[in-house]
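Enquirer: Sequence and predicted model, in that order:
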There are 2 protein chains.
Amino acid sequence: MIDILNRVRNKELQAKIVTAEEAAAFIKPGMNVGTSGFTPSGYPKAVPLALAARMEKEHFQINLWTGASTGDEEDGALARANGIKFRMPYQTNKDMRNAINSGKIDYCDLHLSESAQLARYGYMGGKIDVAIVEACAITEEGNIIPTTSMGNTASYVQTADVVIVEVNTSQPLELEGMHDVYVPLDPPNRLPIPVVKPNDRIGTPYIPCTPDKIKFIVPCDIPDRVRPLGEIDENSRKMSQNFIHLLHDEVKAGRMPKNLLPLQSGVGAVANAVISGFVESDLKDLSVYTEVIQDGMFDLIDAGKLNFASGTSLSPSPEGLKRFYDNIKEYRKHIVLRPQEVANSPEVARRIGVIAMNTAIECDIYGNVNSTHIMGTKMMNGIGGSGDFARNAYLTVFFTVSTAKGGAISSIVPMCSHIDHTEHDVDIIVTEQGLADLRGLSPRQRAKVIIENCAHPDYKPMLMDYYERALAATKSAHTPHILEEALSWHERFQATGTMKK
Amino acid sequence: MIDILNRVRNKELQAKIVTAEEAAAFIKPGMNVGTSGFTPSGYPKAVPLALAARMEKEHFQINLWTGASTGDEEDGALARANGIKFRMPYQTNKDMRNAINSGKIDYCDLHLSESAQLARYGYMGGKIDVAIVEACAITEEGNIIPTTSMGNTASYVQTADVVIVEVNTSQPLELEGMHDVYVPLDPPNRLPIPVVKPNDRIGTPYIPCTPDKIKFIVPCDIPDRVRPLGEIDENSRKMSQNFIHLLHDEVKAGRMPKNLLPLQSGVGAVANAVISGFVESDLKDLSVYTEVIQDGMFDLIDAGKLNFASGTSLSPSPEGLKRFYDNIKEYRKHIVLRPQEVANSPEVARRIGVIAMNTAIECDIYGNVNSTHIMGTKMMNGIGGSGDFARNAYLTVFFTVSTAKGGAISSIVPMCSHIDHTEHDVDIIVTEQGLADLRGLSPRQRAKVIIENCAHPDYKPMLMDYYERALAATKSAHTPHILEEALSWHERFQATGTMKK
């Protein structure tokens, strides 16, 4: 209790400290609820758990808007309570995914940079009724100090009628000062976002708020339920090496500075492995402008190779989180957390020229990428920030292991079963087999390079056979296809359990 | 001759005046040639015609980089001479299209805002060898006054080793002062593009150049070969009405200011009809931030409803061009021409919040859009600027008449045969049948609204039947599809000449 009082620095606000159940009782059926959280970091835990318990009894639903995915205490508990009618903009939770795919939850899969502004524009079905945000502390003035993620929290607090703050005593107070809060005005009044380097600070270290807007304060000590990262496997290591080799060539050719340009890296094991690969390279003075700060970036900081990392979320493994907390005073010199509207800003990504490194579920022979749908129909997670960066990067790369399901699926297919990134947005495809550099190529040229360099040997002859027959069948075709066969690999997998003939 | 001497204001440069043939003789096989031109406006004519004549005899090829499409004197003549190996970033010429689809020309179809920077980054196969640019005049200092388009000309002049200027005496000198030339620095040195309103001027009224960089000056008096616009037909009128009705609702709901936000409009008859529809509405104090300024915008200026139009090209009909020339002193108060890197800038489009209105070849029931490929294989024109605006707009709209080929093709299909704009980027679909507002909807919700509101009655039951069977067949699918049927409508059209069963 002393800890919570130290963290609620406005004495009058201390009177608003209630239990999670009392706060959750305020939520009405059909409300639009906006929460903090981006990956299982910095999301509210106690209030969603209490709300889910209430929903189990009272059977009602809300619309849930967040930064991105959240932890199981929020997305999992509420999905299991059948408490979500509408969900945006991203998720990764097993129970939520099942509810989305079975049609129980209406899921609106959005570019992460756009989610806050679309909410403010009134496109998501009205305004936010309640914002529930995790905080390190609340200042004298009522301003909110966020924890391990920024996400859309500042925008949700700004536009919500009512704010519920979960003060999480498991989050170290040293997080204070690591945030840079800037919410753009909406058109026609918006101005340039003045970030020109990854370490530029353009806002406040807190989310502006006033004591009267804060309705309830809930103490919580549940830690972020961060996810373990597997060992870096051989395939990831090869992909990282293939790509770093290309970067050396780019520097040699004068197309990139010696210390590269700011790195953006998707979330997960492959992305982390790619970043870790930089530790072993002779590249230095690197910078990062990305969404999520993972273990590999701590490795780079420790190795003295990474000058600065800008993100919207700290989402390392459990060991990585401990490592960060243990050495937070050092790491915080190198890290800033921004709202995702700035972290993922197309404007900034293009201006500073990020190197965008994201993973694909599948790529087709013409360079289109599927990031979201298994076999064209089943939602995996969502597009996340990949579109924000891929469209606007200096160099856009997609990584995918050439096969999945023990070789039964080729990640290089004749035609993607769903498309999230079009041929216009993809510069480089990297698999463990090799790398296809698609810059300046026509579709016919791209097909040959992708099949030759990226496909698994088991599928290479099948892909080349498809391409050559498509070319022969269509006399006049910029992008040769045999439409009745284009999706046959996916059909075959569904019918027989393998894409192989 | 007096006219040309008046237009070449640097006396020493007058000694560089040569014939088109002499200038064309400088072009070597395999050169990267960057030209002015965006639509059949402001492109060089005499030198490309002379170059094509040389190619007919000498049989060699160049790589051609432009702003967008150009007129027949450039794209048509060079394609017919089999003189192009590589072409970027856009085209609309019949002979060039045939050469692209037959594989004779390697065509790299790019987002128009990105083409100049990708060229500068060295991604298009080296640097520019020669820039050929149409000009109104050359100043004392050697600076170049462009004509009816800005396109990528400034960037190409900046990076080329050698510049050939075609001074076109058919272009009125009153064009001088209408341009605003700004070429961003490349990362890591790029700064915010400081446009915050459509009428902001941020650069120079000329393309910076020096006398020594200009190798040849060629007089030309061939006018822009602009294209006639058909009468506005009933379908276009209905689509325009459907959309303007929505805009009124947006204003009423407080989601948009009374004078809307800057309009962006694609090129062609439908886009022009939509803009013309605003003349009959009671909307006023409008502004335009777009690529191409067409006849409808002159109508809006004349009606006192359009305060300002920013574009990269003046591309009206022949009558519209005459109308513009006849009243240029009035129109020029309301118009600025910018490099396409600024006119189509994602940064600016998102900041000022454009209303992006573009046309689709086909849309699928989940809101994906095909803008480029007929039946998934044959290139029509290219993505152009649609991706620059659609991804970054305040409101993104695609227009398509619900059927094509006299009803044999449904423009609403189960699955697009090619995707240029994904479900994540499309807010509204408009046909002559009605309007689908997709904001905040899940794929299953989108399918119902698109089929119900936008499909032609001949195809509506077939589409609903597909959707319902897909829903039943896939128990767990965010985006229900029957993969073996998803492209069957296109297959049927190819086999039988109609998508109808």
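Expert: Received the coordinates, thanks.
Enquirer: Quickly list the domain ranges of chain A.
Expert: Taking the TED database as the reference, chain A has its domains at A:11-220, A:234-496.
Enquirer: gap between the closest residue in space to A:Trp65 that isn't next to it in sequence and chain B?
Expert: Spatial nearest neighbour of A:Trp65, excluding adjacent residues (Cβ to Cβ, 6 or more residues apart in numbering or on different chains): A:Gly34 at 4.4 Å. (Each C-beta comes from the backbone N, C-alpha and C, glycine too.) Distance, A:Gly34 to chain B, using Cβ to the nearest Cβ, to the nearest Å: 14 Å.
Enquirer: Show the contacting residues for A:Gly34.
Expert: Contacts for A:Gly34 (Cβ atoms under 8 Å, 6 or more residues apart in numbering or on different chains) come out as A:65-66, A:119, A:128, A:130-132, A:152, A:156, A:159-160.
Enquirer: what's the following helix or strand after the one helix or strand it maps to?
Expert: A:Gly34 belongs to strand A:32-35 when elements are defined using DSSP states H and E. With elements assigned by DSSP H and E, the helix or strand that comes after strand A:32-35 is helix A:46-58.
Enquirer: Who are the packing partners of the next helix-or-strand element following that next one?
Expert: Later in the chain than helix A:46-58, the nearest helix or strand by DSSP H and E is strand A:62-65. Contacts defined by 3 or more Cβ pairs under 8 Å, 6 or more residues apart in numbering or on different chains; DSSP states H and E place strand A:62-65 against strand A:32-35, strand A:84-88.
Enquirer: ok, the closest residue to A:Ser317 other than its chain neighbours - how many residues close by?
Expert: The spatial neighbour of A:Ser317 that comes closest, neighbours along the chain excluded (Cβ to Cβ, 6+ apart), is A:Leu229 at 4.3 Å. Other residues near A:Leu229 come to 19 when the count uses other Cβ atoms under 10 Å in any protein chain shown.
Enquirer: which residues sit against the helix or strand of chain A with the lowest mean pLDDT?
Expert: Here the helix or strand of chain A ranked lowest by mean pLDDT, DSSP states H and E is helix A:269-280, holding a mean of 86. Contacts with helix A:269-280, where a contact means Cβ under 8 Å, 6+ apart, come from A:229-230, A:232-233, A:236-237, A:239-241, A:243-244, A:263, A:265, A:286, A:294-297, A:299-300, A:303, A:305, A:357-359, A:399, A:401.
Enquirer: Would you point out which residue of the stretch 51-200 of chain A is nearest chain B?
Expert: In the stretch 51-200 of chain A, the residue that lies nearest chain B is A:Pro187 (2.5 Å; Cβ to the nearest Cβ).
Enquirer: Over to the stretch 201-350 of chain A?
Expert: For the stretch 201-350 of chain A, Cβ to the nearest Cβ, closest residue to chain B: A:Glu347, 4.0 Å.
Enquirer: Is it correct that that residue is in contact with A:Leu191?
Expert: No: counting by Cβ atoms under 8 Å, A:Glu347 sits too far from A:Leu191 to count as a contact (10.9 Å).
Enquirer: These two - which one has more neighbours?
Expert: Comparing A:Glu347 with A:Leu191 by neighbour count (other Cβ under 10 Å), the higher total belongs to A:Glu347, at 25 against 11.
Enquirer: give me the element that one is part of.
Expert: Assigned by DSSP H and E, A:Glu347 falls within helix A:346-352.
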